[in-house]
Each structure stands twice: as structure tokens, then as C-alpha cells.
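Peer 1: Predicted model and sequence follow; I will ask about them next.
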Amino acid sequence: MLNVNSCALFLCVVFGCFSLSSCDRILPGAPADEELLDGPVEGLTSSQMLEFLRGDAAFNEEVFTAETGLGPLFVATSCVSCHAGDGKGHPFTTLTRFGQSDGSGNQFLHKGAPQLQNRALPGFVPEQIPVGATSAKFMPPANTGLGFLAALTDAQILAGVDPNDGDGDGISGVPNYISPPGFFLPQWFHQEINDRYVGRFGKKAAAIDLLHQTVNAYNQDMGITSTFSPFDTYSGLEIDPEVSNQTVHDVVFYLRTLKAPKRRKENDAQVILGKGIFNQLQCGSCHKAEWTTPASDIAALSNKTFYPYTDLLLHDMGSGLNDGYTEGSALASEWKTPPLWGIGLSKKSQGGQYFLLHDGRAKSLEEAILLHGGEAAASKNAYQQLSSQDQQRIIQFLESL
Amino acid sequence: MKITPLLFGLFLIALPAKAQTDTVPLVLHMDAVYTRPFLKIEKLPLSIGGYVEANTRYSGSDGVSEGLSFQMPRMTLFVSSTLHHRMKFLSEIEFEEGGKEINIEFASLDVEFHPLVNFRGGVIMNPIGSFNQNHDGPKWEFVDRPLSSTTIIPSTWSNVGLGIYGKLAKNQWVWAYEGYLSNGFDDKIISNSENRTWLPAAKTNENRFEESFNGVPLVTLKSAMKHRKIGEVGISWMGGVYNAFEIDGVPIDAKRRVDLLALDFHSNSLPWKSSVNAEWVWALIDVPETYTQQFGSKQKGGFVDIVVPLHRCSVLGWKNSTLNGVFRMEYTDYNVGKFKETMESIHDEVLSFTPGISFRPSSQTVFRINYRFLSQTDIFGNGPSYTAHVLIGCSTYF
């Protein structure tokens, strides 16, 4: 016959088994979907989801070392180092570009331009900005929703071009015309204009598509060569590929199929009022809210209406944001309108604070607004004339994106 | 580094101590490797023993469940032999993860000269902190090993080397020391797929037991003091050069050091016959200024275990079995410092709590139920992400 102690032991075993059967309830729950930037777009097939997961692993888990090809000069050791949670970067991961001050091209390519590799493996010396070269710092952008932007046609983007401000609204967006790299394969939605194509990714819109952006990031940020970009940034020599074509394509697919950021407090009365004021101040002239994709090879991206708040065009942002450096056909004072979607979640990837604008100089949404100049000066001035309550409504609207 | 002067120095440190006056020295935590239960088979010159650990794990992180796993993280065999008078051999061979890894964790020849000065050589277990030498599963009320003891101190951390050890006991007090020269770390500690300074990466060097990575020995020193009615406190240091600073005599880099300083405390003298185990470690790593701050030059971390006997009884024929309430708190910071760009703190921290229950039918066998909760931030302080494990397992000497 069992005694009390035996019963207690039996109860412990039963308790243990019960714990296992009900432990989902005591495991940490998932953050709300709208609070996360990462995750796949809805509607992927099983095979597409597998490719997404392969890209996810390459992007978020693969860390390069000296043995696997890192550097010897580099900026970061992995993709996720610069894009934590697929969000914006941090001043620690800011890129420095140098060597081009106008549309005539980069004059310092022979000295390591366009990107400064400011870190090095032990025994190597990082690059320095050459004397006479202008430079600018670029904060890594969020990755979310890139596939929707990539799916748009050049014709859709060019429809917003107004180089001479023909409509008299003070806004004159222009595209950045980029000479394509050798591996670029034009799609039906690209338009060739004098051997160049419309750029749409990067602070200066210098990358034509996500393969272009990804290959450059492997090579320029991590010192990883591929068959697409086989030249080592340190020696300048063509070397064996350090990342496979399959991995590059997986990462591109991952970036194409990351979901668009979801709105938060969209129906809040203050947010709705803020949206109205945002439009009233003509902010939407550059930060174009709504787009619709054409048919895409990924069904989940086909014929979707989405809200990135960008026109993907370059605008003169005034002398305050002119760092004297540029890319492609852009002027040094011109910057691509950055998408605003997900901006309210930026702090979640930037260590709990904002680092906004192209180099992270703005520490708040209001500071970012006030640093606008050039074509955006009128909107900024109008913002300054608002009551503090209306200013706060705009901030609340931006935080809801 | 000149080996002879260092050994001579250790000898000089030991000399001023008076000879042992207690013929039955107290056992210290740092003696754990040498005081394991062995089975002596009649007429055989060997004693054998070992332990095994097995557990189930149900894990989840931020709403994503890893499901239920069954694990046998390790089975270890001990073999010891008294070769001659004052000479003995001890070894520990570990089969990890079902035999995926087979490691000689310990295999040393001890020669006893004097209680205060004895020689040990072979594969020695570097006496840094308390867990490294005291890592046998059946001794712990927790399924998982402490984070700081496995990821800052890369327990179980053993190397080929030699050194001296000794002990002095008087009345209620025992003082002991160990000092070794051994092979050490390599540059994988700042070049690895963990994307952080990671001392355990040096354990992947398969040549570690054949040659030093850079020809400079790793020095490990430990001293511990114990009072029978209070407890035991230990201080230990381990340091050496981790990088290959020259190849074929050609200098390629500065000599870069890794140093660990650890404090440990153990007591069985708390109220309600409770016990406490604690360890804290600081690591300093000379990471090149031009490398990335992703790899920290300072790390710190530690743990505190509290074990409270709830019920002592005889159950199912197991006399003196014990039911314990247990709690562990641990913290690690893998990158202590500030970003050069913002002068704000670098994070990369883990905070963990583990409440649980353990049942010991005897001192050599333990059944454990743990709930382990971890909160982790990345280097920017993003997050935290939350992970939890429900763990049920057992570990026993055999």
C-alpha cells in the first residue's frame, strides 16, 4: 500500500506530465502582428513559403566570418546586423558612401568608392575617405513591403515625374537613371532610356531592382563576392564566389515577399485628423499614399493596392540635407522620397529611439519634419504654423503607419 | 612565456603555508572532478563510474513553439587507476548528444609529493569558476547548465597542460589552490557564426589537444577557502593570448589577450538546510579597434542557485529521499560597452529565471522539473524576445 510520501511523488510525476500537456499556456505569446515588421506576405504557396524560409535563414541567421569570406574589409558581418527585425538600422550600422558629387559619375572608384568599408579583419586596415572626396552616411532602411514596390512598372513611377513643376505645386520629382550592372535582366515592366533604367531602391534610388540591391549589399557591406559581383573589394581581383547564386536568389525572394507593414490605431480619431492635415499640407505630393501593383509572377503580389507613402522619385531637399555626395543622375541635394510605412515601428529596430532621415540625424518625427527643405520647405513651414495639437495629430498619424 | 619561472613561482606561493594538520582534508567544490563516486571491482586495477543525463524539453519563443523534444545531452564514463604509490590516473570521456561528439574531457596523471605541492599533467580541467570543474549533471537541480558558465566560461573547458595543486586544512578551515599551463583559445572567439564574442567557439578547434594555436600557454590559477560551517569562496583567473600573432616567424598582428576572472561561492549552511551556489565571471577580450563592435571586448555574467529542501522522507523504499524547491537567477551581458557612434550602451543581454522542483531518491540521482524563462535583447537593446522551456529530466551517477 502506498504511503503519503509515495502519493506525493506520484503527484509530482502527474504534475510534470500535466505541465507538458498544457505548457502552451505558459510559453511566451506572440507579439501582435501589426507590431512586427517581419513575416511573409499573405497568399504564398507552400513552395513559395519554403523559399521564403530559406531566404529568411540566409538573411537573419547566416553570419560571415573570415573563413566563409567576410571582408577582409567590410561594414557588417551579416544582413541582420543592419536590418534587425527587418527594420531600420542604427548609427552603428550606418553606411558611408563617397566619391561622387554630381551626375558625371564617381571620380574615386579607383580608391574604393562608392562605399567605405570602415571595418577590417585583424591584420587589415579599414578604408579611409580619400582627400577631396565628398561623402554621405546612409542609414539602412526597413525591408518590409519591398516586393510591392519592386512589382510596380516604370511607367507607374514615371507618371509622377514633373521635372519643371508643370502643375505649379512646387514639387518636381525626377527619376534616378541608372546604368544597369551586367547581370541585370530587364523585366516587362522596366523601360530602357538611353541605356539606363529607373532606379527605385536605396536613399538615392541607385538600385534598379532587389537583385541589384542584394548583390551590392553582399559585396559592398560584407565583402562577399558572388558570380554577379565577383570582384573582391579589397584586392580588386576577381575571386571565387563566396555566396551561392541560390542563396542570393533566396534572399531576393525573401525581400520580395516580406509583408507590408500593418497600420495601428488606424481608426483613432486623432490619427484620422492627422491624416487629413498631412494631406492638407501637401505632404502627400511626395509621400504618395496609394499604389496598385500590376500582374506579378508572385500571385500574392498581383493587383494589390498598398500604402507605402512614397513616389519613388528624387526631390531637392534643400541645402540642409545636401551632403555633397550623390549617385546615378541625382543631384547631391536630391533624395528619393523614403516610404513612410512602418515608420511608427522604427524604434523597435533602432534600440527604442528614432534615427530618421537618410543618415539618422533626426531623433524624432518632429525633428525629421523640421529638417525638410527645398521642395518640402512649404510643407514644413505650414507644419510650423499649425497648433501644437494639430502637429501632434500629424505625429500620431505617422506613428500609426 | 617562460614556463619554469611560473611553476617555480607557484611553488614559492605554496611554500610559506604550514603543513597540513588535519589528516582528513575537507572536500572543496574545486575538488569535484577528483571526488566522484567510483565503483571498485575486486582485483581489477581500475575503478569505473559515470553519469547520464536525459530530459524532455518543451520550448517556445515569442509565440512560436518548438514543440516537444526528448534529449540525452550527455553520457560520461569515468575511469581511474592508482598506478603506484602516490601516482594515480583519472579520466572522463563524454558522449554528447547520442554520440555525435565524443570528447576526452579529462585525463590526467597525478603525482603526490606533499599535500601542498602535487603535480598534475595531461588533459586537465581548467579551474575557472566553480561550474567548470563541478559540472556533473547529478549534482545540479536544474536540467540546463548556467548560461554564463557555458557561454562566457566555455564549460566544460579542458585542455592539454600541466601544473601543480595543493591543499591546507586546519580546524574548520581549508585552503586550496591549483595552477596550470595549458593550450588555450584561438581567434574563432571573435570570428564565429554566433555574431558575438563567443569563447566556446574555441572548442571547435580539433587540433586543440595536439598543438597550441599560437605557442603561448594559457595560465589558469584558482584559490578557494572553505569554512566548514559557513561555506566556500573561490577566486580564479584564466588568461592568455588567443590570436595567431605571427606565422612562420613573421609578425602579422599584435598579441591579443583573453582574460577571465571568476568568483564563486557555495554554502550549505543557510536556514532550513538550504544551499546556495553562485558564480560570477568577467571576461576581457582584446578585440582589434578596427574590427566590429558586434564582437564585444568585455563580457560579464553569473548565476545564483538556491535549493530549499521541502520534504525528507522514505518513499518507495528509497531511504532519505528529498524533495527540493529550487530557483535559479542568471544574467549574461555578452557585450559590455558603449557604441562609438552614439556613446550609448551596447546590449546583447540575457536575463533568466528558473523555478523548479527536484526529487532526490539518493544523493547520486536527481529527477527535476524546471520552468526556464529567458528575456533577451540584441546589441541595440531591441526586444526583448521571450523564450521559455518546460523541462523534465533526470540525471544519475552509475
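Peer 2: Great, that's in hand. Here the structure is a predicted model, which means the values were calculated and not measured.
Peer 1: Touching, A:Pro175 and A:Tyr197? I think so.
Peer 2: No - contact between A:Pro175 and A:Tyr197 fails when scored by C-beta atoms under 8 Å: they sit 9.2 Å apart. C-betas here are computed from N, CA, C, even on glycine.
Peer 1: and these two? which has more neighbours close in?
Peer 2: Applying other C-beta atoms under 10 Å in any protein chain shown to A:Pro175 and A:Tyr197 shows that A:Pro175 carries more neighbours, namely 27 against 22.
Peer 1: What sits closest to whichever residue of chain A sits closest to chain B if chain neighbours are left out?
Peer 2: When scored by C-beta to the nearest C-beta, chain A has A:Ala30 as its residue closest to chain B, at 2.3 Å. What sits nearest to A:Ala30 in space, not counting adjacent residues and going by C-beta to C-beta, 6 or more residues apart in numbering or on different chains, is B:Gly63, at 2.3 Å.
Peer 1: tell me the contacts of that neighbour?
Peer 2: Neighbouring residues of B:Gly63 by C-beta atoms under 8 Å, 6 or more residues apart in numbering or on different chains: A:27-31.
Peer 1: Repeat that for B:Val241.
Peer 2: Per C-beta under 8 Å, 6+ apart, neighbours of B:Val241: B:184, B:214, B:216, B:255-258.
Peer 1: B:Asp144 too?
Peer 2: B:Asp144 touches B:354, B:370, B:372, B:389, B:391, counting by C-beta under 8 Å, 6+ apart.
Peer 1: Equivalent analysis for A:Pro241, please.
Peer 2: A:225-227, A:230.
Peer 1: What backbone torsions are found at it?
Peer 2: Note on A:Pro241: backbone dihedrals following degrees, to the nearest 10 are phi -60, psi 140.
Peer 1: Tell me the residues of the stretch 101-250 of chain A that contact chain B?
Peer 2: For the stretch 101-250 of chain A, the residues found near chain B under the criterion C-beta under 8 Å from any C-beta of the partner chain are A:119-126.
Peer 1: One more: the stretch 251-400 of chain A?
Peer 2: Within the stretch 251-400 of chain A, the positions near chain B by C-beta under 8 Å from any C-beta are A:348-352.
Peer 1: Output those as CSV; include the columns neighbour count and pLDDT.
Peer 2: Converted to CSV, these look like this (neighbours: other C-beta atoms under 10 Å in any protein chain shown; pLDDT from 0 to 100):
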residue, neighbour count, pLDDT
A:Lys348, 20, 93
A:Ser349, 26, 94
A:Gln350, 23, 96
A:Gly351, 25, 94
A:Gly352, 14, 94
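Peer 1: now the residue of chain B found nearest chain A: how far from A:Ala32?
Peer 2: Residue of chain B nearest chain A, by C-beta to the nearest C-beta: B:Gly63 (2.3 Å). Using C-beta to C-beta, to the nearest Å, we find B:Gly63 at a distance of 10 Å from A:Ala32.
Peer 1: From the contacts of B:Gly63, list the buried ones, please.
Peer 2: With burial judged by 16 or more other C-beta atoms under 10 Å in any protein chain shown, the buried subset of these is A:27-28.
Peer 1: Which helix or strand contains the closest residue to A:Gly103 other than its chain neighbours?
Peer 2: In space, and not counting its chain neighbours, A:Gly103 is closest to A:Ser329: 4.7 Å by C-beta to C-beta, 6+ apart. Using DSSP states H and E, A:Ser329 falls within no helix or strand.
Peer 1: how about A:Ser329, what does it touch?
Peer 2: A:Ser329 neighbours (C-beta under 8 Å, 6+ apart): A:103, A:176-178, A:196.
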